[in-house]
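S.K.: fold the following.
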Amino acid sequence: MHLFSLIKTLFPRTVISAALLLLAGCAQQQDAEVLTEIPWALISRPLVMDTHSHTRFSDGKYSVDEVVQLAINHGCDALAITDHSDLSEGAATAGYFSAINAARKKHPGFILFGGIEWNIPPYGGREHVTVLLDPMLEENLLGTFKQQFEQDDAEADQGLEWLAEKTAIADKAVLIYNHPARKDDDLNENVRDILSWRESNLQFIGFEGAPGHQRKIPTGSYRNHFQTRDRWDPVTAEIGGAWDQLLDLGHNVWAALAVSDFHNEKMDYSPCEFARIHIYPEDRTARGILAGLRAGSFWADHGHILEDLLFTLSAPGLSLPVTPGEVVRLRASQALQFTVLLQRGAGALESRLIVELIGNGRSGNRKFYSHNHCYRIKTG
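M.R.: Sure, this is the predicted structure:
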């Protein structure tokens, strides 16, 4: 199913703007088949989250409670503390979880994860992965994981298989490939890596598409071969690139993750001050957030361009509109209707907004790689 290559729609300067994009079909109406359904997507209200931040337990400036307070002050509903696991007294220690549990008690309405940033082997610290678990499992599993798989002779597949076995139920864990192109020599390395990692653990949901360190020059601390594009990692931003190749091969991997990677104000914005992930959770719990991340039911923004976004696809034969993360099979001749409903954020009140829809169906041919379910909204 080839939908379209590129459509740009200019929205008027109103608080709520909507657009219907009717794409070519024929008069004959044929049934559509839903392959992957997210039952809660149309009724869930989004939570704003940052999945990557640091404290004094590794190389951050502030305590756990101070980082949590910064996140709350800037509008986060949820936060993941992800200190580096390569320090003996850093993440996943008794003191680490004590500080995180104290912050949970102090802020009972706030959802807090005590995760880690793992130096996945065999890269000698060059490639990093965020590991988030159901909070009920963090203290029991992450310390052991760190001891076994933060060693020079550790193997990635063994660590990933260990996590998959110990967490058992899929929505008890989420793994994210952090700042994927920051130190790469070849962007295809990212495709090879994530395909290999997902063979061992399907809890790998995808890429940190918009890296942290957004106050740094160059943006994201991308000082090697590759630079960010409009603040997004080239793995995500390049049409026909690494992410598109994975989508085209049929892998449900996501990249709408914009994070702070907060260490201090010199390099970074505080959590949710600039970069935000808007997650549609199964329910308003930590497990519900993990389920929303695994399903791909989320979107991200920089600079508070949007406060709300609804993007759906409708077609004859579908009982309900399809939302991001859901998968349907449609015939090439079928009429499609896309709806975009958005609410401007404070960062775009005086700017025109451009919506780009980029996509095709699974082609089976590399020369046709492109997003098969992606949308970008930017200021013009």
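S.K.: CA atoms only for stretch 80-100 - export them in PDB, please.
M.R.: This file holds the C-alpha atoms of stretch 80-100, laid out as PDB (Å, rounded to 0.1, in the frame of the first residue of the first chain):
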ATOM      1  CA  ALA A  80      12.800   8.200  34.600                       C
ATOM      2  CA  ILE A  81      16.000   8.600  36.600                       C
ATOM      3  CA  THR A  82      18.600   6.700  34.500                       C
ATOM      4  CA  ASP A  83      22.000   7.000  36.100                       C
ATOM      5  CA  HIS A  84      24.900   5.300  34.500                       C
ATOM      6  CA  SER A  85      25.300   1.700  35.600                       C
ATOM      7  CA  ASP A  86      29.100   1.500  35.100                       C
ATOM      8  CA  LEU A  87      29.900   3.100  38.500                       C
ATOM      9  CA  SER A  88      30.100   0.800  41.500                       C
ATOM     10  CA  GLU A  89      28.400   3.300  43.800                       C
ATOM     11  CA  GLY A  90      26.100   4.700  41.100                       C
ATOM     12  CA  ALA A  91      22.800   3.500  39.800                       C
ATOM     13  CA  ALA A  92      21.000   0.400  41.000                       C
ATOM     14  CA  THR A  93      22.500   0.500  44.500                       C
ATOM     15  CA  ALA A  94      20.700   0.500  47.800                       C
ATOM     16  CA  GLY A  95      21.300   4.200  48.200                       C
ATOM     17  CA  TYR A  96      20.000   4.900  44.700                       C
ATOM     18  CA  PHE A  97      16.700   3.100  45.400                       C
ATOM     19  CA  SER A  98      16.400   4.600  48.800                       C
ATOM     20  CA  ALA A  99      16.600   8.100  47.300                       C
ATOM     21  CA  ILE A 100      14.100   7.200  44.600                       C
END
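S.K.: Ile273 reaches His74, doesn't it?
M.R.: I think there's a mix-up here, since residue 273 is Glu and not Ile. Yes - Glu273 is within contact range of His74, at 4.3 Å (criterion: C-beta atoms under 8 Å). Every residue, glycine included, has its C-beta placed from N, CA and C.
S.K.: the more surrounded of these two?
M.R.: Glu273 (22 against 18; other C-beta atoms under 10 Å).
S.K.: for the more buried one, give its distance to Ser196.
M.R.: 35 Å (C-beta to C-beta, to the nearest Å).
S.K.: cool, and Ala346?
M.R.: 42 Å.
S.K.: between the two, who's got more neighbours?
M.R.: Under the criterion of other C-beta under 10 Å, the comparison of Ala346 against Ser196 puts Ser196 first, with 13 against 9.
S.K.: ok, now which ones touch the more buried one?
M.R.: 156-157 (C-beta atoms under 8 Å, 6 or more residues apart in numbering).
S.K.: tell me the SS of it?
M.R.: helix (DSSP: H, G, I helix; E, B strand; the rest coil).
S.K.: read off the pLDDT value for it.
M.R.: Among the per-residue scores, Ser196 shows a pLDDT of 96.
S.K.: and Val355, by the same measure?
M.R.: 86.
S.K.: ok, it - how many residues close by?
M.R.: Neighbours of Val355 using other C-beta under 10 Å come to 21.
S.K.: for it, name its beta-bridge partners.
M.R.: Thr9, Ile377 (DSSP bridges).
S.K.: what segments of the stretch 251-380 of the chain are helices?
M.R.: 286-295 (DSSP state H, counting those that start in this stretch).
S.K.: and the closest residue in space to His128 that isn't next to it in sequence, backbone torsions?
M.R.: Distances taken as C-beta to C-beta, 6 or more residues apart in numbering place Asn178 nearest to His128, at 4.2 Å, with adjacent residues excluded. Dihedral angles phi and psi of Asn178 (degrees, to the nearest 10) take the values phi -80, psi 150.
S.K.: okay, the angle between the host helix or strand of Thr82 and helix 286-295?
M.R.: Secondary structure from DSSP states H and E places Thr82 in strand 78-84. Interaxial angle, strand 78-84 versus helix 286-295 (axes from the mean of the first three to the mean of the last three C-alpha atoms, to 10 degrees): 80 degrees.
S.K.: what strands line up against strand 78-84, and which way round?
M.R.: strand 47-50 (parallel), strand 111-119 (parallel).
S.K.: what residues sit buried inside that strand?
M.R.: 78-84 (16 or more other C-beta atoms under 10 Å).
S.K.: the helix or strand following that strand relative to strand 111-119, how many degrees between them?
M.R.: Next in sequence after strand 78-84, counting helices and strands by DSSP H and E, comes helix 94-106. Put simply, helix 94-106 runs at 160 degrees to strand 111-119, going by the same axes, to 10 degrees.
S.K.: packing partners of helix 94-106?
M.R.: helix 64-73, strand 111-119, helix 135-149 (3 or more C-beta pairs under 8 Å, 6 or more residues apart in numbering; DSSP states H and E).
S.K.: quick one: mean pLDDT over that helix.
M.R.: pLDDT averaged over helix 94-106 gives 97.
S.K.: hmm, who's touching it?
M.R.: Residues contacting helix 94-106 (C-beta under 8 Å, 6+ apart): 55, 57, 63-65, 68, 81, 83, 89-90, 110, 112, 114, 135, 138-139.
S.K.: right, and Ala156 touches Trp197 too?
M.R.: Yes - at 6.5 Å, Ala156 counts as touching Trp197 under the criterion of C-beta under 8 Å.
S.K.: quick check: neighbours shared by these two?
M.R.: With C-beta under 8 Å, 6+ apart as the test, Ala156 and Trp197 both reach Ile120.
S.K.: lowest-pLDDT helix or strand in the protein?
M.R.: strand 4-11 (a mean of 26; mean pLDDT, DSSP states H and E).
S.K.: tell me the contacts of Phe311?
M.R.: 299, 323-324, 338-341, 375.
S.K.: I'd like those as a markdown table, with distance to Arg229 and pLDDT appended.
M.R.: A markdown table is the format used below for those (distance: C-beta to C-beta, whole Å; pLDDT from 0 to 100):
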| residue | distance to Arg229 | pLDDT |
| --- | --- | --- |
| Trp299 | 18 | 96 |
| Thr323 | 26 | 95 |
| Pro324 | 21 | 92 |
| Phe338 | 24 | 90 |
| Thr339 | 27 | 92 |
| Val340 | 22 | 92 |
| Leu341 | 27 | 92 |
| Tyr375 | 16 | 58 |
